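Visitor: Give me a 3D structure for the following:
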Amino acid sequence: MAYEKKRPRQAVDPMADVLRAYFDDAGLTEFSDYLRLMRAWKLIVGPVIGGRSMPASIAKGVLTILVRESVWANELSLLQGELKKRIRDALGMTVTEIRTRIGDIPEPPRENTAVHTPAAHPQEAPPWVDGIVNESGIADEELRRQFRRVIEAYSESARGAER
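Guide: Below you'll find the predicted structure:
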């Protein structure tokens, strides 16, 4: 039986590092950054905003984010400083400017997370609640449901104060 001397194992680079180096060498650094940002988007912005927005492009430090409605564009503009910091901390990328664009984005998969709790006052909401919700112009169904809950809670507290 011949004794074979084992050669030391060479370290293998993680595939992400290999691909990043390839994209950098090919002049596609921004594409690599875009892919990393897409992958980490919901972790960076959270599930609510992440389900209603997505990175559209990144070029020369300018991140363009696609949103479903103007309310989300406004929300992201208010969070701009925090968002730049989160991206820098999570991915090591420097974003100098954030722009938003309204458009269609893919629907996130729906989870059955509905929790059915009995109302403290099982009375039906007054008709003016429907009017306010309909006049709000909110097209996003989840945001519309949340808005309705806020108005109903206000209605309940106003009724409680009248008693």
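
Visitor: Can you give the contact residues for the helix or strand containing Ile49?
Guide: Per DSSP states H and E: Ile49 is located in helix 47-50. Contact with helix 47-50 is made by 41-44, 72, 75-76, 108, as judged by C-beta atoms under 8 Å, 6 or more residues apart in numbering. Placement of C-beta: from N, CA and C, glycine included.

Visitor: Please report how far Leu43 lies from Leu91.
Guide: 10 Å (C-beta to C-beta, to the nearest Å).

Visitor: What of Thr64?
Guide: Counting by C-beta to C-beta - Thr64 and Leu91 are separated by 16 Å.

Visitor: Then Arg101?
Guide: 21 Å.

Visitor: the more surrounded of the two?
Guide: Leu91 (15 against 12; other C-beta atoms under 10 Å).

Visitor: who are the neighbours in contact with the more buried one?
Guide: 33, 36-37, 40.

Visitor: Now for Gly46, how many residues are close by?
Guide: Applying other C-beta under 10 Å, I find that Gly46 has 12 neighbouring residues.

Visitor: And for the residue nearest to Pro106 when sequence neighbours are not counted, the neighbour number?
Guide: Excluding the flanking residues, the one nearest Pro106 by C-beta to C-beta, 6 or more residues apart in numbering is Met54, at 7.8 Å. Residues lying near Met54 (other C-beta under 10 Å) number 19.

Visitor: element containing Met54, please.
Guide: Going by DSSP H and E, Met54 is part of strand 53-59.

Visitor: With Leu37 instead?
Guide: Per DSSP H and E: helix 29-45 holds Leu37.

Visitor: can I get the contacts of Leu91 in CSV with distance to Val95, neighbour count and pLDDT?
Guide: Listed next are the contacts of Leu91 as CSV, based on distance: C-beta to C-beta, whole Å; neighbours: other C-beta atoms under 10 Å; pLDDT from 0 to 100:
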residue, distance to Val95, neighbour count, pLDDT
Asp33, 9, 23, 82
Arg36, 12, 20, 87
Leu37, 9, 21, 91
Ala40, 13, 17, 93
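
Visitor: pretty sure the residue nearest to Pro106 is touching Ala40, no?
Guide: No. Counting by C-beta atoms under 8 Å, Met54 does not reach Ala40; the two are 11.7 Å apart.

Visitor: so where's this structure shaky on pLDDT?
Guide: For the chain, residues meeting the criterion pLDDT under 70 lie at 1-13, 16, 20, 23, 27-28, 107-125, 154-163.

Visitor: Now do the helices in it.
Guide: For the chain, the helices defined by DSSP state H cover 15-25, 29-45, 47-50, 70-78, 80-91, 127-135, 141-162.
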